[in-house]
Every structure is written in C-alpha cells, then in structure tokens.
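> Output the structure for:
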Amino acid sequence: MSVLDLLTGALGAFCFLTLALFPAYFKSRNPSAASQQNKFEKTKQGIPAFSLAELYVSDALGHGCGAFKLGGLQAPNGNKSFRQLPLAAGPEAAGYDTKVYLFLFDTGSYLLTTTAFGQGAGCHVWLRQHTPQGSLQGGTIVTESPASYPFKLEVKPEQLITSILPSR
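Now for the predicted structure:
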C-alpha cells in the first residue's frame with residue numbers, strides 16, 4: 001500500500017507541475033504577433049542591395065532552343081560580388097543550363113563569358129538585367145555548335161534593388 005501511495009503522490013506532483021507549466025510552454029513556442037513583426041523587420045533589413053541578371057537561351061517567341069555554360073564571370077570584387085542560381089538543362093545537355101539567375105551585389109563592370117549552342121535559326125542567348133527602373137536586355141544569335149559569347153554588364157548604384165517588398 002505504501003508503494004501505491006508513493007506512486008500516486010508522484011503522479012499527482014507530475015500532473016500538478018505539467019498543468020502549472022503548460023501555459024508557459026505554449027507562450028515560448030507560439031510567439032506573439034509583435035515578435036513575429038520584429039522578426040520580419042530583421043529579415044527585411046538583412047537583405048543586401050542587389051541587381052538581378054537573367055541569362056537564358058530562346059527564340060524570338062520565347063521558346064527554349066538551346067543551352068549554355070557560364071564559362072566565367074569577372075566581377076568588381078571577385079566571387080563576393082555575385083551569387084548564381086542555375087536551372088539545369090537536363091541529362092541530354094549534361095553540364096549545360098537553360099537559365100541562370102545572377103544576384104549582383106556590387107556596382108561596376110561585369111564580364112560574363114558563356115559557351116552556348118542553339119537548335120534552329122533565330123536562337124539567341126539573352127542577358128536581361130532587372131532593375132527598379134525596368135529591364136535591360138541584350139542578346140546574340142547562337143550557332144548549332146558550341147561557341148563562346150561574351151556579355152558586358154554595367155551595374156550602377158541606382159540599378160540596385162533595395163527591397164523585395166512592394167511599395168505601399
């Protein structure tokens with residue numbers, strides 16, 4: 001009987017502590033709206049200014065017609081000046097991309113070198129820079145066999161995107 005009394009007493013203490021601490025657990029696990037807003041502000045402030053460049057291969061109608069490799073990128077501060085987000089072309093074009101997004105963080109001159117090939121007449125490799133003022137685009141016709149194509153890009157301070165949120 002004394003063992004049973006000891007177990008029920010321990011179970012009672014456990015239940016009491018659980019009920020007493022249960023609300024505190026949910027307060028720490030479920031942050032308030034004010035702390036969520038504060039977290040959002042930190043994220044918003046943590047994004048560096050950038051310019052977005054898009055490199056892709058398409059015909060005049062916007063249909064994919066080839067692939068490319070980004071051979072090199074000379075940037076104002078080397079590899080610290082950009083980040084690359086590639087979209088692979090698939091197993092039939094191993095090592096080649098159909099589209100690449102480049103996040104450019106520094107102002108100055110960039111020189112991109114690509115090796116591209118196309119299928120059919122009118123296939124272009126395009127470079128489009130997205131800025132707060134609009135998009136700037138340039139391209140060149142590609143051949144059916146892989147060849148090298150250089151692109152020069154100038155990023156000015158007013159072309160940097162400082163917020164990804166829509167303005168109110």
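> Do you have the strands of this protein handy? List them.
Taking DSSP state E, the strands of the chain run over residues 51-58, 66-74, 82-88, 97-104, 108-118, 124-131, 134-141, 147-155.
> between the ones you listed, which gets the lowest average pLDDT?
Note on the strands of the chain: strand 82-88 shows the lowest mean pLDDT, a mean of 76.
> What's the separation between residue 1 and residue 9?
Distance of residue 1 to residue 9, given as C-beta to C-beta, to the nearest Å: 12 Å. C-betas here are computed from N, CA, C, even on glycine.
> What confidence value was assigned to the closest residue to residue 58 other than its chain neighbours?
Of all residues not flanking residue 58 in the chain, residue 64 sits nearest, at 5.7 Å (C-beta to C-beta, 6 or more residues apart in numbering). Residue 64 carries a pLDDT value of 87.
> Would you confirm that residue 64 contacts residue 57?
Yes: the pair residue 64 and residue 57 qualifies as a contact (C-beta atoms under 8 Å) at a distance of 6.4 Å.
> Looking at those two, which one has more neighbours?
When residue 64 and residue 57 are compared for neighbours, residue 57 comes out ahead with 26 against 15, by other C-beta atoms under 10 Å.
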